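Provided below are the primary sequence and the corresponding predicted coordinates.
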Amino acid sequence: MSVYVDNARIPARVNRINGRWSHLTADTVEELNAFAARLGLRPEWFQTCKRKCHSTMPCVHWHYDVTDSKRTEAIAAGAQPIDLRTWAEITKARREAAARTTA
Ligand SMILES: [Zn+2]
């Protein structure tokens, strides 16, 4: 069971905060929500694709967006830093797992 934070660092203005945003995610939604709560992130900041990203299965991209300072806090709290390739592998693994359970 692990929590991950990638290094997307996408410049954007979100909730009136200008920053560079990365994706915080985990092996399970429950673990991610618990970790995010400890970091002080609000439950309503949980992100999934607004439109279904696949026709037959739930969104595989669920995450919280975090600024660089929260990213640093997350790593200090035990999140594993990952790169965008690993983030892509995580979503691919979720897609494959979802395909197995819906098959
Ligand atoms: Zn999605």
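Structure received.

so who does residue 39 touch?
For residue 39, the contact set (Cβ atoms under 8 Å, 6 or more residues apart in numbering) comprises 24, 66, 70, 73, 74, 77. (C-beta placed from N, C-alpha, C; glycine too.)

ok, of these, which come out buried?
For these, burial is judged from neighbour counts taken by 16 or more other Cβ atoms under 10 Å, and it is met by 24, 66, 70, 73, 74.

can you tell me the strand partners of the helix or strand containing residue 18 and which way each runs?
Take DSSP states H and E as the rule and residue 18 turns out to sit in strand 17-26. Sheet pairing of strand 17-26 (DSSP bridges) gives strand 3-5 (antiparallel), strand 10-14 (antiparallel), strand 64-66 (antiparallel).

in terms of mean pLDDT, which of those ranks lowest?
With a mean of 89, strand 10-14 has the lowest mean pLDDT of those.

need the residues that contact it.
With contacts defined as Cβ under 8 Å, 6+ apart, strand 10-14 is touched by 18, 19, 20, 21, 22, 65.

can you give me the helices for this protein?
29-39, 68-76, 84-102 (DSSP state H).

what parts of the protein come near the ion?
Within reach of the ion by Cβ under 5 Å from the ion, the chain has these residues: 49, 53, 59, 61.

low-confidence ranges in this structure?
55-57, 102-103 (pLDDT under 70).

which ones are touching the residue nearest to the spatial centre of the chain?
Note on the chain: the residue nearest the mean C-alpha position is residue 63, at 2.4 Å, using Cα atoms, centre = their mean. By Cβ under 8 Å, 6+ apart, the contact list for residue 63 reads 23, 24, 25, 32, 46, 47.

show me which of the residues you listed is closest to the ion.
Nearest to the ion, judged by Cβ to the ion, of the contacts of residue 63 is residue 47 at 9.0 Å.

returning to that earlier point: quick one: which of the residues of the chain next to the ion is the most crowded by neighbours?
residue 59 (18 neighbours; other Cβ atoms under 10 Å).
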